[in-house]
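A.B. asks: structure of the sequence below:
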Amino acid sequence: MKNDFFALYDALSDGVESSERIEYARLGERWALVETASSSGMTMFTEGHSIAPIFPSMEGLSLREAAEAVKSWNLEEASLGLAAANAFYNRPERLDALGARVSMDVFYTDGIDLRGLTVGIVGHMHGPRGLREMAKAVYTLERAPQEGDYPDSACDLLLPRCDLVLVTGSSLINKTLPHLLELCEQATVILTGPSVPLCPALLDCGIDRIAGMAIADRAALRARVESGQRGSPYGEGIPFLLKRE
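C.D. replies: All right, here's what the predicted structure looks like:
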């Protein structure tokens, strides 16, 4: 990881074994969506188009080709690149094949004793119920901080103190994840959110658990993206949780 910034991204894109062509690619107000004839993939939309994109258009590319765009420094293109990867990785049949399908009431910290832990949350997430009552300390680090959040510039100071770190999947898009993992070498790291790919290779990159969702209702998810609807998309999906052995 320290010697090759894109090692994690290469592992992610190299695992996309699909020549299926993209028929629809959309950047919505909140979410990015890619569709083929048989699958859909989504991510959180991340702003940033100051760098020219790798591809003029995602439509017509294979999922394998488009997944390379996850490495793009045009973050809007990278949003679609990760969505393309998720159209391959986050299919309901893969959840079952990997034994990763879980019910909505199984949280990504399932089985972890939170009592007395120092916890970092990268991205404005609520975390598991009762976390703040059980944990020794909780630091929420956010690029656009809300009341009580630390700015993400505090990551270098606070994350090495943590026993458990919850990281938003959008850190893959904005390219902060490799450095975050360097800061969390002594912690249990969970990558979570709708943007997270069900890619087991990520568990060899310093991540202990990956938790996200596969799209179950493609029409409803497209409507959510096109309307700019906010709120959790998990109602249109199937949650997954995969742990490092």
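A.B. asks: look up phi and psi at R26.
C.D. replies: phi -140, psi 130 (degrees, to the nearest 10).
A.B. asks: test my guess that it contacts G228.
C.D. replies: No. Look at R26 against G228 with CB atoms under 8 Å: they stay out of range, at 11.1 Å. Heads up, the C-betas are built off the backbone N, CA and C, glycines and all.
A.B. asks: neighbour count winner among those two?
C.D. replies: R26 (18 against 11; other CB atoms under 10 Å).
A.B. asks: check that one and give its pLDDT.
C.D. replies: With respect to pLDDT, R26 scores 97.
A.B. asks: one more: D4?
C.D. replies: 88.
A.B. asks: now M104
C.D. replies: 89.
A.B. asks: now it: how far from N90?
C.D. replies: 16 Å (CB to CB, to the nearest Å).
A.B. asks: more neighbours: which of these two?
C.D. replies: Using other CB under 10 Å, the more surrounded residue of M104 and N90 is N90, with 28 against 11.
A.B. asks: these two touch, right, the more buried one and P197?
C.D. replies: Yes. With contact defined as CB under 8 Å, N90 reaches P197; the gap is 6.3 Å.
A.B. asks: dump the residue contacts of A201.
C.D. replies: 11-12, 14-15 (CB atoms under 8 Å, 6 or more residues apart in numbering).
A.B. asks: who's in contact with E17?
C.D. replies: Going by CB under 8 Å, 6+ apart, the list of residues near E17 reads 64, 88.
A.B. asks: where does pLDDT dip in this protein?
C.D. replies: 1-3 (pLDDT under 70).
A.B. asks: now the helices for the protein?
C.D. replies: Ranges of helices in the chain, per DSSP state H, are 7-14, 63-67, 75-89, 92-97, 131-134, 155-158, 171-174, 177-183, 218-227.
A.B. asks: before we move on, back to that, find the residues that touch each one of N90 and P197.
C.D. replies: Shared contacts of N90 and P197 (CB under 8 Å, 6+ apart): G212.
A.B. asks: re the thing from before, tell me which of the helices of the chain is the most buried.
C.D. replies: Mean neighbour count (mean count of other CB atoms under 10 Å) peaks for helix 75-89 among these, with a mean of 29.
A.B. asks: residue closest to the middle of this protein?
C.D. replies: Averaging the C-alpha coordinates of the chain gives a centre point, and the residue nearest to it by CA atoms, centre = their mean is G169 (2.2 Å).
A.B. asks: now that residue: closest residue in space that isn't a chain neighbour?
C.D. replies: Distances taken as CB to CB, 6 or more residues apart in numbering place S195 nearest to G169, at 3.4 Å, with adjacent residues excluded.
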